[in-house]
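S.K.: Just the structure for this:
(2 chains)
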Amino acid sequence: MDKNKTFNLSKTGLTRRTALKGLAAGAGLAMAPGFVRYSQAQSSAPIKIGFQSHRTGIGAAYGRWYEKTTAAAVKAINAAGGINGRQVEVIIEDDGTDPGRGAEVVGKFATQHKTDIVFGTLFSHVVIGSAPAAGENKMPYFVVSEGHHVASTKLNRYVFQPGITDVKSQIQSMAPWIAANAGKKVTQIFPDFAFGYDHRDYLPPALKAQGAEVIAQIAIPPTESSFTKYFPQIPAETEVIYHVMVGPAVLTFVKELGEFYGSNRPQLFGFMDSLEAVDINSPGLEFLDGSHFWEGSPRYAQADDSAAQKAYRAAVGIDDNGAAVGDPKDVSTASHMFGCWETLYVVKKAMEDAGYKGPEDRAKLVEATEALTAFAEGPEHPQGPKTFNGKIHQCFGIQNISKVEGGKLKVVHKTKIEDGLYEAEGDYTKQAL
Amino acid sequence: MHFGPHLLLAALEGLVTSAVLALTALGLSLVFGVMRVVNVAHGEFFMLGAVLAWAISTAISGHPALGFLAALVIAPLIVGAIALVAERLVLRRLNYNPEATIVATIGMLYIIQQLALSFYGPEARPVEPPFSYRILLPWFGYSGYKLSIIAASALLLTATWLVLTRTKVGLIMRATQYDSETAQAFGIAVGRVYGGVFALGAMLAAIAAVLIVPISQAHYLMGQDPLLLSFIVVIIGGLGSLRGTVVAAVLIGLSDGIISMFFSPTLAKIIATLLVAMVLVFRPQGLFGTASR
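M.R.: Presented below is the predicted three-dimensional model:
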């Protein structure tokens, strides 16, 4: 036996002939019609939207539904004539739900794909990691992330969140309901990274204002796969467990909570993030019956759904249970993905207002987006009406509180836009473009 | 919660971790012990076991126990077959060269992971446990199924030990591990032993995954943590030593359960890694390993 076998690259190395062949093939490709189709006619070229997608990593379930929603919205926009008469083309790059790769992807969109904007990021650590790259490349970056980082004005002038509300506003508008209906002594369980810290930081003051208090805060690493070991930290006098978890192990989290408490549990108030893309009727989740959830946009079709909501659900392809049409096991991330749809319509509006022609108009696009103030409920904004604060690049809207009843989520309370308004912490418009 | 029940819960959680870890690490340890191959793709065989368990249990209707039992038998067999094919197509062609097989198994890791992502998808999917009995203690409830994992793992480990020490197959494996060239001279088909051991290692990981999947979920990235912990266990216990693997798994599992419950999960990982460093410095062959000849 030849124990010293090594790999000899020189045997398969490049010869002059293969190198020349490769060059010729490359040149041929570059001259192919597809590559020059738009070079002489700038006005007919499509608007290119770089979609930073969580195709792999812990956000992959979200990424897939964000892609479906985006495809549906782009199809609708293109069918209605596109933006400024130009078709919209989406270019998808996978960021692996990783902040480092996220920044690389933004750079790739700016220098290689030369997209007009970058769009679609959900996970807050990826947004925070990618935002500096967007600022350096002067690339408008429209995120659908829910975190407070955009509205905190700690990112930069190129980052916007016009399609989904932020955690601070969500908490503030729901705290009165929690204090009045669930209980006054609250224990929080949240993921140990930026998104979780928003909950950690904004829930205690919001509850305090309502005469309730947070008595314990339990941070859990986002990659954790087993949770029982954290539950003894929940104080016995807890009246409400406020849970918001993310990542692939969310179902385990809820199941183990059920095993730990059984039917003798405190009230539960959860963010739908704890169960996005998970069937609420999965084995082990029976104990959630009667508990309450925040929902951005309701997963289950409601009796009073607007025509716009119905049309949106049909376009994206989800049935009355919030699962993919034809595959009841493929449950959507309905609470968040509507934000992709609405953000694309905000981009459309801002590009039309700015008379956007190409990457040279990116600064104009930023200013036009900042000038927006409100979005009316309708086919373009099926989740509900929203206001937009151009100084902090953040929209404000209504929140849904839903109760688990008979294996479905029924909306029992809708907050008002005013409930979630707070004082701006800064002003992006003062930053240079 | 008071200290006593708190410690009990921590120990129970730790034992469940240990049980699964012992099986997974044993597979890794066997493959290294006999073949001298560091199988970086071991965690992906674990993941495949869980994903197949989901596929099999959803394909079979009726009582959840039926689907689970079918998964417990069929999933490891399929994973073993895949491992055997991988061994024939890749590792054998590299002549089991230690450096080359590391690179090759890293490649296998990515291939298996991406195939799972393409065909199974990014979702975490649940498998129903064969029974859902909840043991009610005065202080907290605990899943009866979790306790049965510990028993099942102990049974499987005993069975593996019996096979290794009391059967001819085990004798052949040990002979190959001790000195493969001499074993070959005595007429042992070393190539076949290698193929069998690689498949067996993957099957052990798959069984561990089928056991854990009703309390965890099948997800295409779930192989990473078991791989890392298995390496830690194998290094501490001594490569190729069954006894060492089990002792180290219980040690790591319990310390992970207890430290992460009373302090923080990060501290538990820090201590486990520190333990590895200490073992490598003061007893490089591991607690129960024999010094290399």
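S.K.: Count the neighbours of residue B:265 for me.
M.R.: Residues within reach of residue B:265, counting by other C-beta atoms under 10 Å in any protein chain shown, total 19. Quick note: C-beta positions are derived from backbone N, CA and C, even for glycine.
S.K.: hang on, isn't it packed against residue A:223?
M.R.: No - applying C-beta atoms under 8 Å as the test, residue B:265 and residue A:223 come out as separate, 10.0 Å apart.
S.K.: Which residues are in contact with each of the two?
M.R.: Shared contacts of residue B:265 and residue A:223, defined by C-beta atoms under 8 Å, 6 or more residues apart in numbering or on different chains, are absent.
S.K.: Tell me the residues of the stretch 151-293 of chain B that contact chain A?
M.R.: B:215-217, B:219-222, B:225, B:257, B:260-261, B:265-266 (C-beta under 8 Å from any C-beta of the partner chain).
S.K.: And residue B:276, how close does it get to residue B:21?
M.R.: 14 Å (C-beta to C-beta, to the nearest Å).
S.K.: same question but for residue A:168, I mixed them up
M.R.: With C-beta to C-beta as the criterion, residue A:168 and residue B:21 are 41 Å apart.
S.K.: which intervals of chain A have sub-threshold pLDDT?
M.R.: A:1-43 (pLDDT under 70).
S.K.: Compute the number of surrounding residues for whichever residue of the stretch 1-150 of chain B sits closest to chain A.
M.R.: Going by C-beta to the nearest C-beta, chain A is nearest to residue B:122 of the stretch 1-150 of chain B, at 2.8 Å. Residue B:122: 24 surrounding residues under other C-beta under 10 Å.
S.K.: just residue A:258 next, same as before
M.R.: Neighbours of residue A:258 using other C-beta under 10 Å come to 20.
S.K.: where's it, which helix or strand?
M.R.: Here residue A:258, judged by DSSP states H and E, is contained in helix A:250-261.
S.K.: elements contacting the longest helix along chain B?
M.R.: When every helix of chain B is counted residue by residue (DSSP state H), the longest turns out to be helix B:3-35. For helix B:3-35, the helices and strands in contact under the criterion 3 or more C-beta pairs under 8 Å, 6 or more residues apart in numbering or on different chains; DSSP states H and E are helix B:42-59, helix B:144-166, helix B:168-178, helix B:190-212, helix B:224-237, helix B:242-262.
S.K.: now the helix or strand following the first one and helix B:190-212, what's the angle there?
M.R.: Meaning helix B:42-59. Sequence order places helix B:64-86 as the next helix or strand after helix B:42-59, per DSSP H and E. Going by axes from the mean of the first three to the mean of the last three C-alpha atoms, to 10 degrees, helix B:64-86 is angled at 150 degrees with respect to helix B:190-212.
S.K.: residues touching residue A:227, list them.
M.R.: Residues counted as contacts of residue A:227 (C-beta under 8 Å, 6+ apart) are A:220, A:249, A:252-253, A:256-257.
S.K.: Those also near chain B: which ones?
M.R.: Among these, chain B is touched by A:249, A:252, A:256 when using C-beta under 8 Å from any C-beta.
S.K.: want to try a markdown table for those, with distance to residue A:82 and neighbour count as columns?
M.R.: Output for these, formatted as a markdown table (distance: C-beta to C-beta, whole Å; neighbours: other C-beta atoms under 10 Å in any protein chain shown):
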| residue | distance to residue A:82 | neighbour count |
| --- | --- | --- |
| A:249 | 41 | 24 |
| A:252 | 44 | 23 |
| A:256 | 49 | 24 |
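S.K.: between those, which is nearest residue A:272?
M.R.: residue A:249 (15.9 Å; C-beta to C-beta).
S.K.: so who does that closest one touch?
M.R.: Going by C-beta under 8 Å, 6+ apart, the list of residues near residue A:249 reads A:224-227, B:124, B:216-217, B:219.
S.K.: Where strands are concerned, which of those count?
M.R.: Using DSSP state E, no member of the contacts of residue A:249 falls within strands.
S.K.: Would you mind giving the residues you listed as JSON lines with distance to residue A:137 added?
M.R.: Below are the contacts of residue A:249 laid out as JSON lines (distance: C-beta to C-beta, whole Å):
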{"residue": "A:224", "distance to residue A:137": "35"}
{"residue": "A:225", "distance to residue A:137": "37"}
{"residue": "A:226", "distance to residue A:137": "41"}
{"residue": "A:227", "distance to residue A:137": "40"}
{"residue": "B:124", "distance to residue A:137": "35"}
{"residue": "B:216", "distance to residue A:137": "41"}
{"residue": "B:217", "distance to residue A:137": "38"}
{"residue": "B:219", "distance to residue A:137": "34"}
